[in-house]
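1. Here is a sequence with its predicted model. Questions after.
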Number of protein chains: 2
Amino acid sequence: MYSKRSITGEESMAFRNVAIIGMGLLGASLGMALKNGPYRRLCWTRRAEIRAWSLAHDAADETADRIEDILGRADLTVFALPIPAIIEFMERYAGAWRRDSVVTDMGSVKGVISDAAERFLIPRGVRFVGSHPMAGTEKSGCENAFPTLYENADVFVCPGSNASPENVTDVEDFWKSIRTRPVHVDVRGHDLLVAHTSHVLHVVASALALKILGAENDGEKALRFAGCATGFRDTSRIASSNPAMWREIIENNTPAVLEALENFSSGLDEFRKMIETGEYDRFERTFAEGKALRDSWLRYKGY
Amino acid sequence: MYSKRSITGEESMAFRNVAIIGMGLLGASLGMALKNGPYRRLCWTRRAEIRAWSLAHDAADETADRIEDILGRADLTVFALPIPAIIEFMERYAGAWRRDSVVTDMGSVKGVISDAAERFLIPRGVRFVGSHPMAGTEKSGCENAFPTLYENADVFVCPGSNASPENVTDVEDFWKSIRTRPVHVDVRGHDLLVAHTSHVLHVVASALALKILGAENDGEKALRFAGCATGFRDTSRIASSNPAMWREIIENNTPAVLEALENFSSGLDEFRKMIETGEYDRFERTFAEGKALRDSWLRYKGY
């Protein structure tokens, strides 16, 4: 079955059995993306009906009632679970993996997951290479899964202390097989980068929504007129994200988020001082710098 | 000529000659929108070639070299100039208007313009009713004008101290004739509302762009990865706005912008404290409140 599906040629195949643990939006989309690829897709998720759904919708080739039966056969395990569950499963099932099999994950934060791998997996000879694909939608659940979710996404790859160069290459090849772009980054660098470029934005957007639409600011008028010119709509968009998900991400990246908040606040404070003291020439120059940075970013991204 | 064009019937016509002063994006679009309506469109702008352009592109019925010749014949004058120019023109040409003719404007801030009208126009018996149509694009200049720019826009209407109920109704009818929705609001209420719902957002977006893409935050990596999931793109969008325009707006609304900045900062600070002290249950509830407010705003707006 596998040889018929191979697209990269058998000689380059490091993994045959890929276990996907968790079949929500990310796990089910991964299973769908891997269809017709070189890997045999084993899946496990807590609810039996979702396991059945995964087979019925061809998001997996195989499943099992007991997670240990899947982990024990996996050459590569991909955790598609919330961060606390990843940590809990690493501890609880640490004995289920074969020595030298490889574990990765799709968590939005790498520090706490990497720490758990160091404590629970690495002492047992299970290789760890953390991953973070920059993909997702505002929806969740396998019913919203689709096979192109990961297409063209960047995937941060953060090798654990026992990952060999081959382990890293194998994980990167795995990600490349679904047309993502792996990027190396160290764990702390990753967590700071996402705190600055993503996590803190959710706090900012939420504070804007609360303060602009909240009762203390004549909420009714604001409700009607906020962002007539679409500024408010876009600036606050991610305030409509999932509160439980963002609580989980920020809770697991507290020091980096505080550092990023501090950084943003200092920028805001510089503007406040210019406004307070009437330094509007400087205000205009600084605003123009921000515009130049953002416009060059837009060009870089090809927007 | 006028009677052929009339769509509202002559009995309801308070204004015949409408002067548009300034033929940039806003003025030229207004002229185009008024085409085929009940008003005779007189226009003036500093550059003779733009006056010629306005006639050639049917954004005006008539023009003149001297602004006084236009103002003296106007039943309604609409300033489509930058805020400092509006104030300057009110002072310089205060003697050019006929007593009881009506002046309005399209400035983004109402306090400083209203103050100028009180000082220069009202003592001479020129009626003042400020306006602020919530319309515009990121472009400027008459070459970017189009006749539907104002369609369905809300227009804040802030009557000056000498405006009669008839003056206000006449100005509202004028705005309705191009399918906008006039909304009464007092001057201070207007300036606070736009500071909270628009002006402060530009400061926030600019601070985000500067701090996230700036050199001190590993600009190169951020340039590549910021907002892979579109959060950064949208949250910072209005940082790409025109620096000179936003300097002008904020400079002319300083106290209200400082109040709005303070309000936003207090919301951000509440979040920071929850993160610092690990009050994540409260964080999640507060984030959920922001989401609920924004989601109800989206429904209200019909997005």
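-> Good, I have the coordinates. Here the structure is a predicted model, which is why all the values come from computation and not from measurement.
2. which ones are touching the most centrally placed residue in chain A?
-> The residue lying closest to the centre of chain A (Cα atoms, centre = their mean) is A:Ser108, at 3.7 Å. Shown in contact with A:Ser108 (Cβ atoms under 8 Å, 6 or more residues apart in numbering or on different chains): A:Ile83, A:His132, A:Val194, A:Ile249, A:Asn253. All C-beta spots, glycine's among them, are computed from the backbone N, C-alpha and C.
3. how about those residues, which pair is most distant?
-> A:Ile83 and A:Val194 (12.6 Å; Cβ to Cβ).
4. Give me the domain ranges for chain A.
-> Per automatic domain parsing, the structural domains of chain A span A:2-185, A:190-301.
5. Least confident of those domains, on average?
-> Mean pLDDT per stretch puts domain A:190-301 lowest among the domains of chain A, at a mean of 89.
6. B:Gly107 versus A:Asp186, what's the distance?
-> 51 Å (Cβ to Cβ, to the nearest Å).
7. Tell me which of the two has more neighbours.
-> B:Gly107 (26 against 13; other Cβ atoms under 10 Å in any protein chain shown).
8. can you give me the strands in the stretch 101-250 of chain A?
-> Taking DSSP state E, counting those that start in this stretch as the criterion, the stretch 101-250 of chain A carries its strands at A:102-105, A:127-133, A:154-159, A:181-184.
9. Indicate which one of the ones you listed is closest to chain B.
-> strand A:154-159 (5.5 Å; Cβ to the nearest Cβ).
10. mind listing what that closest one pairs with, with the direction of each?
-> Its sheet considered, strand A:154-159 pairs with strand A:127-133 (antiparallel), strand A:181-184 (parallel) by DSSP bridges.
11. got the buried residues for the shortest one?
-> Meaning strand A:181-184. Buried residues in strand A:181-184, defined by neighbour count with 16 or more other Cβ atoms under 10 Å in any protein chain shown: A:Pro182, A:Val183.
12. got the CA positions of that strand in PDB?
-> Output of strand A:181-184 as PDB, limited to C-alpha atoms (Å, rounded to 0.1, in the frame of the first residue of the first chain):
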ATOM      1  CA  ARG A 181       8.500  25.800   4.400                       C
ATOM      2  CA  PRO A 182      10.400  24.600   7.500                       C
ATOM      3  CA  VAL A 183      12.500  27.300   9.200                       C
ATOM      4  CA  HIS A 184      15.000  26.700  12.000                       C
END
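13. So what's the gap between it and the chain middle?
-> Distance of strand A:181-184 from the chain centroid (Cα atoms, centre = their mean, to the nearest Å) equals 13 Å.
14. Can you pull the residues of the stretch 51-200 of chain A lying near chain B?
-> When proximity is defined by Cβ under 8 Å from any Cβ of the partner chain, the stretch 51-200 of chain A lies next to chain B at A:Met134, A:Ala135, A:Gly136, A:Ala153, A:Asp154, A:Val183, A:Val185, A:Gly189, A:Leu193, A:His196, A:Thr197, A:Ser198.
15. Farthest pair within the residues you listed?
-> A:Gly136 and A:Gly189 (20.9 Å).
16. quick revisit: okay if I get the strands paired with strand A:154-159 as a markdown table plus distance to B:Tyr300?
-> Listed next are the strands paired with strand A:154-159 as a markdown table, based on distance: least, Cβ to Cβ, whole Å:
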| stretch | distance to B:Tyr300 |
| --- | --- |
| strand A:127-133 | 35 |
| strand A:181-184 | 40 |
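17. Quick one, which of those strands gets closest to B:Asp281.
-> strand A:127-133 (25.8 Å).
18. Not counting that closest one itself, show me its contacts.
-> Counting contacts by Cβ under 8 Å, 6+ apart, the residues touching strand A:127-133 from outside are A:26, A:78, A:100-108, A:110, A:113-114, A:117-118, A:121-122, A:150, A:153-160, A:162-164, A:167-168, A:171, A:175, A:180, A:182, A:187, A:190, A:194.
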